[in-house]
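Undergrad: Take this sequence and fold it.
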Amino acid sequence: SEETKVPARPKVRHEWYQNDNFVIVEVFVRNVKKEALEVEILENSLSLSVKLATGSENNLDFDPLLYSIVPSESKYEILSTKIEVRLKKAAPGQKWDHLEKTQAQISAASRPEYLSNSRKGVSWDKIAADAERETKLKASEQGVNELFQSIYKDADDDTRRAMMKSYIESNGTALSTDWKNVGKGPVETVPPSDCVAKPF
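TA: Next up is the predicted model:
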């Protein structure tokens, strides 16, 4: 008896990138007709189903997504070479390391909150989350950081050189854009008035 082989369904190529507000998923399928596409955007998942001209159907599922999204503010667009899906982040500014949760993250979400070898039942997940929260920049610090980044990005070579030299030589206590003064010699470490500079 002969086996009939079912041809393998071609995989749909896709890529993704992000900005502060959106995760953008690009699905590379040419000349898709609106009636041949079904897109389902939910709070924790994205599903696309494309009926190709050959009659075959391609499905692409991202479930569960790494973080939550806002379906009502998410949208998709059919272009000549691709389908572009813009997923609105529920937490603007949150950095996504990948599109979907890993199996380890899914397993961790389903285990009890307090896993510990301690008799007191310490929640290591809570401690890790608190530590991560503490290391993030405050809104006021983030604004200052963005200001310095924009100054550096738009500056000429001498200004950039001055910024780098003054910041490094002063051990982070000074930042100057004036290369004429900074270029003359080493930049002095000037700690805040209630602190003492120590060599390291």
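Undergrad: which sections of this protein are below the confidence cut-off?
TA: 1-11, 110-124, 133-141, 200 (pLDDT under 70).
Undergrad: At which residues are the helices of it located?
TA: 103-110, 124-135, 139-154, 157-169, 179-182 (DSSP state H).
Undergrad: can you list those in a markdown table and add mean neighbour count?
TA: Where C-beta positions appear, they are placed from N, C-alpha and C, glycine not excepted. As requested, the helices of the chain are exported to a markdown table (neighbours: other C-beta atoms under 10 Å):
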| stretch | mean neighbour count |
| --- | --- |
| helix 103-110 | 10 |
| helix 124-135 | 10 |
| helix 139-154 | 11 |
| helix 157-169 | 16 |
| helix 179-182 | 16 |
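Undergrad: which stretch among the ones you listed comes nearest residue 33?
TA: Nearest to residue 33 among the helices of the chain is helix 103-110 (35.0 Å), distances taken as C-beta to C-beta.
Undergrad: Please compute how far the closest one lies from its chain's middle.
TA: 20 Å (C-alpha atoms, centre = their mean, to the nearest Å).
Undergrad: Just give me the residue closest to the centre of this structure.
TA: The centroid of the chain falls nearest to residue 95 when counting by C-alpha atoms, centre = their mean (2.6 Å).
Undergrad: Find the nearest non-adjacent residue to it, please.
TA: Closest residue to residue 95 apart from its sequence neighbours, by C-beta to C-beta, 6 or more residues apart in numbering: residue 18 at 7.5 Å.
Undergrad: That neighbour and residue 150: what is the separation?
TA: Separation of residue 18 from residue 150 (C-beta to C-beta, to the nearest Å): 20 Å.
Undergrad: Over to residue 132?
TA: From residue 132 to residue 150 the distance is 26 Å (C-beta to C-beta).
Undergrad: what's the answer for residue 38, then?
TA: Counting by C-beta to C-beta - residue 38 and residue 150 are separated by 42 Å.
Undergrad: cool, and residue 130?
TA: Taking C-beta to C-beta, one finds residue 130 at 31 Å from residue 150.
Undergrad: for residue 162, same thing?
TA: Residue 162 sits 16 Å away from residue 150, going by C-beta to C-beta.
Undergrad: ditto for residue 179
TA: Taking C-beta to C-beta, one finds residue 179 at 19 Å from residue 150.
Undergrad: returning to what we had before: can you count the residues close to the residue nearest to residue 95?
TA: Neighbour count of residue 18, defined by other C-beta atoms under 10 Å: 15.
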